[in-house]
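Participant: Sequence and computational prediction follow.
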Amino acid sequence: MNCDYDLMTRQMVGFAETDPHYIPLLANVSALLYQSMDDLNWAGFYLMRGGRLVLGPFQGQTACIHIPLGKGVCGTAALTNKTVRVANVHEFEGHITCDSRSLSEIVIPLRDSDGKVVGVLDMDSPVEDRFSGADQAGLEGLCRLLETVISWV
Ligand code: SME
């Protein structure tokens, strides 16, 4: 299940050159990921607001709107400021089910220039163990670049 992360990165930079504002940029990045990667049922962002994660731009089924820090895979990644890659969500204590088809998941924190978590990228798949170490590296690279080109104001 190869994915061209270099191509996606160039496309993302193109979006940001047109408009780096976080709403159009995150909307198009979630669409880009969703259309470029096989076997996804959700791809999108949760953003930190008022000390919790709030649903941001995404592709997929309707999803839970608020996630407290430390809750679920997203809240765990946001609290620990670390990527969380889960091969089988049924084995992850406290997983929040938005779409019962989800079986595996990867969540990557997004940080501001001080290293503080400002949101997460959340990707879900109906296939067990969908996200490889190479996917993690590719998606983390994408997020690191996204952090440098995005405008939060
Ligand atoms: N699976 C997430 C909740 C968000 S939905 O999957 C879109 C979690 O446990 O954090």
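Facilitator: Cool, got the structure.
Participant: got the residues of the protein near the ligand?
Facilitator: 42, 63-64, 67, 72-74, 95-96, 98, 102, 105, 122, 124 (C-beta under 6 Å from any ligand atom). From N, CA and C alone the C-beta is placed, and that goes for glycine too.
Participant: Out of those residues, the closest to residue 141 would be?
Facilitator: residue 122 (17.1 Å; C-beta to C-beta).
Participant: what's around that closest one, how many residues?
Facilitator: Residues lying near residue 122 (other C-beta atoms under 10 Å) number 28.
Participant: for the one 5 residues further on, same thing?
Facilitator: The criterion is other C-beta under 10 Å. On that basis, residue 127 has 15 neighbouring residues.
Participant: what's the closest non-adjacent residue to it?
Facilitator: residue 39 (4.5 Å; C-beta to C-beta, 6 or more residues apart in numbering).
Participant: What subset of the residues of the chain next to the ligand is buried?
Facilitator: Among the residues of the chain next to the ligand, those scoring as buried are 42, 63, 67, 72-74, 95-96, 98, 102, 105, 122, 124 (criterion: 16 or more other C-beta atoms under 10 Å).
Participant: would you turn the residues you listed into a markdown table with distance to residue 133, secondary structure and pLDDT?
Facilitator: Shown next, in a markdown table, are those (distance: C-beta to C-beta, whole Å; DSSP: H, G, I helix; E, B strand; the rest coil; pLDDT from 0 to 100):
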| residue | distance to residue 133 | secondary structure | pLDDT |
| --- | --- | --- | --- |
| 42 | 21 | strand | 98 |
| 63 | 26 | coil | 97 |
| 67 | 25 | strand | 98 |
| 72 | 22 | helix | 97 |
| 73 | 17 | helix | 97 |
| 74 | 20 | helix | 98 |
| 95 | 21 | coil | 88 |
| 96 | 24 | coil | 88 |
| 98 | 25 | coil | 85 |
| 102 | 20 | coil | 90 |
| 105 | 15 | strand | 98 |
| 122 | 18 | strand | 98 |
| 124 | 18 | strand | 97 |
